[in-house]
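Prediction below, plus the sequence it came from.
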Amino acid sequence: MAVPDYALTARNVLRVSFQRQPMSDRCRETPQSFPVAVLPSSRVMLEPAPKTEDFVGIVPYLAEKAEIFVPQAYLQAGASRLPQMVAIAAAAGISPERAKLTVVANDTEARPEGTFLALDTNVAGATSKVTIAEDRLILRERPSEVLLNVSGVTGAGVAQAVVANGQRGIMYRTLGAAAPDLDRPFQFGRGDLTVLTSDGPIVQLDTRAPITQEVGERTDTLGRVLRIASNWGTVLAVISILLFVFLILRARWVRSHRPPRQ
């Protein structure tokens with residue numbers, strides 16, 4: 001039995017039970033668990049899990065060894081950027097003793113040699129589904145398929161799991177001029193994309209999770225949403241989540257720009 005990686009979290013509990021099928025009434029009874037003898041040779045064997053391109057698959061490797069990339073502009077705003085960097089690194093399970101910090105020149109791409117965390121820095125070879133230009137957020141499944149395009153929001157950030165030239169890591173980008181105050185502890189959980197505000201993660205998406213169960217084939221959620229007309233319920237659910245995120249971010253921007261009362 002294989003557990004799909006998108007159904008796992010950073011910590012999982014495996015429960016094993018033995019069941020027998022009653023033989024009376026033509027086997028129509030519900031199977032019930034019952035005690036069995038556990039011999040010295042009884043054991044549960046686990047297979048090595050394949051490397052996945054999501055937070056659950058990347059965070060354990062970041063805990064072992066990580067490269068942290070920050071832009072040179074962070075040095076001029078250390079008082080505000082340092083707490084943000086510490087909060088995101090802690091959410092990714094990065095240990096200070098096992099991490100290497102590299103300052104990247106402005107408008108220069110980072111080139112990681114291992115598992116990495118890139119903050120407001122482009123990474124060479126990384127394919128991003130998120131495009132951020134000042135206060136505009138564009139989320140796409142493919143270059144020609146735009147799922148969300150909003151502007152006028154600030155005080156938020158977007159983190160996504162990416163692969164760059166064979167190296168896996170997390171890219172974080174600030175949305176707008178003001179970065180969120182990440183005072184509340186949080187952790188990267190399921191999915192490969194999350195939106196962060198001062199309240200922590202407000203939405204987590206798994207762009208690889210299948211809408212329909214297909215043997216031997218993995219289907220992308222966003223791709224299936226755009227291609228399969230029979231799954232309009234899922235289409236509306238995804239769009240509703242994204243609109244909800246946009247309304248929250250827009251409300252924060254309006255409150256921050258509201259003139260003080262006389």
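Alright, I've got the coordinates.

For the rest of this, base every contact and every neighbour count on C-alpha atoms.
OK.

And the average pLDDT for stretch 145-162 is what?
For stretch 145-162, mean pLDDT rounds to 81.

residue boundaries of the strands in this structure?
19-20, 32-33, 66-71, 99-104, 116-119, 130-133, 136-142, 145-150, 156-164, 167-175, 193-197, 200-205 (DSSP state E).

quick one: average pLDDT of the fourth one?
For strand 99-104, the mean per-residue pLDDT is 93.

which other helices and strands contact it?
strand 66-71 (3 or more CA pairs under 8 Å, 6 or more residues apart in numbering; DSSP states H and E).

circling back to that earlier point, now mean neighbour count and distance to G93 too, for the strands of the chain, in CSV please.
CSV is the format used below for the strands of the chain (neighbours: other CA atoms under 10 Å; distance: least, CA to CA, whole Å):
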stretch, mean neighbour count, distance to G93
strand 19-20, 11, 38
strand 32-33, 11, 38
strand 66-71, 22, 10
strand 99-104, 16, 11
strand 116-119, 27, 11
strand 130-133, 16, 23
strand 136-142, 17, 26
strand 145-150, 15, 30
strand 156-164, 24, 14
strand 167-175, 24, 12
strand 193-197, 22, 16
strand 200-205, 18, 16
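
Pipe these into a markdown table and attach distance to V86 per row.
Output for the strands of the chain, formatted as a markdown table (distance: least, CA to CA, whole Å):
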| stretch | distance to V86 |
| --- | --- |
| strand 19-20 | 48 |
| strand 32-33 | 47 |
| strand 66-71 | 11 |
| strand 99-104 | 12 |
| strand 116-119 | 11 |
| strand 130-133 | 22 |
| strand 136-142 | 24 |
| strand 145-150 | 28 |
| strand 156-164 | 15 |
| strand 167-175 | 13 |
| strand 193-197 | 15 |
| strand 200-205 | 14 |
